[in-house]
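J.: heads up, no residue letters with this:
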């Protein structure tokens, strides 16, 4: 089996390379939470005034930022001696490696992992169907429509972001694809490479995965503490899949599908803002 972590812990790049990787990673994990929270606050102000055009501008802005960040990470890896793109997951997945799941080194069969993923997907589908049935029943009963409950936790951040028009749905789909690709490059590829070469080679695999998961969760500070916890859990799963397969391909696909699932969520009546699909202003770059 191709053990990616064992490989990158033994490549021993020059000290200059390690230093630049650490600086780049520190810039990433400090800048993302702060700029993300700031730009999300600005989005809420714009969305309250403009509705869907502000959302589409927001999607485009975050898509552009994610692409720029990932391109900078790739450029850094290509420019530094002693490392290459294969060291951040740019290679074919080793599916046999899933038998170890990349975290504890224990024996977990491929069929077990497939069953877990299937169970998660079925649970998501059941929740979506149940919420749609509830909304349909409420709409059929005269006088039964009530003001939507105030969203809490992570949903308080997610609901204002949900698209309301066809153009918005296309923008969300593009943002989901961008996040699925670029966040895996930065928060799995670059971050885990940096942790592996900067920390002692005796550092347990689970410690690296938990550190990467925590930093990924903190990048979603704008979603509140429940958002940090839930995205950290997702980040841990993605890190495990990445290390076990030796490739970013599997986590990229799964990450994109997880983000796309938001298109299945019903938009509460209280926050629906129908807007004609017209051209929108050129977006400004923000985090």
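T.: Happy to help now that I have it. The model shown is predicted, which means the values in this text are computed figures rather than measured ones. Residues are numbered from 1 along each chain as shown.
J.: my guess is residue 95 meets residue 246, correct?
T.: No. Using C-beta atoms under 8 Å, residue 95 makes no contact with residue 246, being 9.8 Å away. C-beta: built from backbone N, CA, C; applies to glycine.
J.: And the two? Which one has more around it.
T.: residue 246 (24 against 13; other C-beta atoms under 10 Å).
J.: The residue found closest to that one once you drop the neighbours it is linked to in the chain and residue 187, how far apart?
T.: Once flanking residues are discounted, residue 246 sits nearest to residue 4: 4.0 Å by C-beta to C-beta, 6 or more residues apart in numbering. Residue 4 is 15 Å from residue 187, where distance means C-beta to C-beta, to the nearest Å.
J.: Which one of those two is surrounded by more residues?
T.: More crowded of residue 4 and residue 187, by other C-beta under 10 Å: residue 187, with 29 against 25.
J.: Centre of the chain to the helix or strand containing residue 229, how far?
T.: Using DSSP states H and E, residue 229 sits within helix 224-245. Here helix 224-245 is found 8 Å from its chain centre; the criterion is C-alpha atoms, centre = their mean, to the nearest Å.
J.: Provide a list of residues in contact with residue 93.
T.: 245, 246, 247, 249, 250 (C-beta atoms under 8 Å, 6 or more residues apart in numbering).
J.: any idea how far residue 81 is from it?
T.: Distance from residue 93 to residue 81, by C-beta to C-beta: 27 Å.
J.: next one: residue 217
T.: According to C-beta to C-beta, residue 217 stands 32 Å off from residue 81.
J.: between the two, who's got more neighbours?
T.: residue 217 (23 against 9).
J.: all helices of the protein, in order?
T.: 4-8, 15-50, 52-79, 110-140, 153-161, 166-184, 191-198, 205-218, 224-245, 249-260 (DSSP state H).
J.: Least confident of those helices, on average?
T.: For the helices of the chain, mean pLDDT drops lowest on helix 110-140, to a mean of 54.
J.: what's the burial count for residue 78?
T.: Count around residue 78 with other C-beta under 10 Å applied: 10.
J.: Over to residue 37?
T.: Residue 37 has 15 nearby residues by other C-beta under 10 Å.
J.: what distance separates stretch 239-248 from the middle of the whole chain?
T.: The answer for stretch 239-248 is 15 Å, by C-alpha atoms, centre = their mean.
J.: try stretch 182-197
T.: Relative to the chain's own centre, stretch 182-197 is displaced by 13 Å; criterion: C-alpha atoms, centre = their mean.
J.: Also stretch 41-50?
T.: Distance, centroid of stretch 41-50 to centroid of chain: 22 Å (C-alpha atoms, centre = their mean).
J.: hang on, residue 178 packs against residue 66?
T.: Yes. With contact defined as C-beta under 8 Å, residue 178 reaches residue 66; the gap is 4.9 Å.
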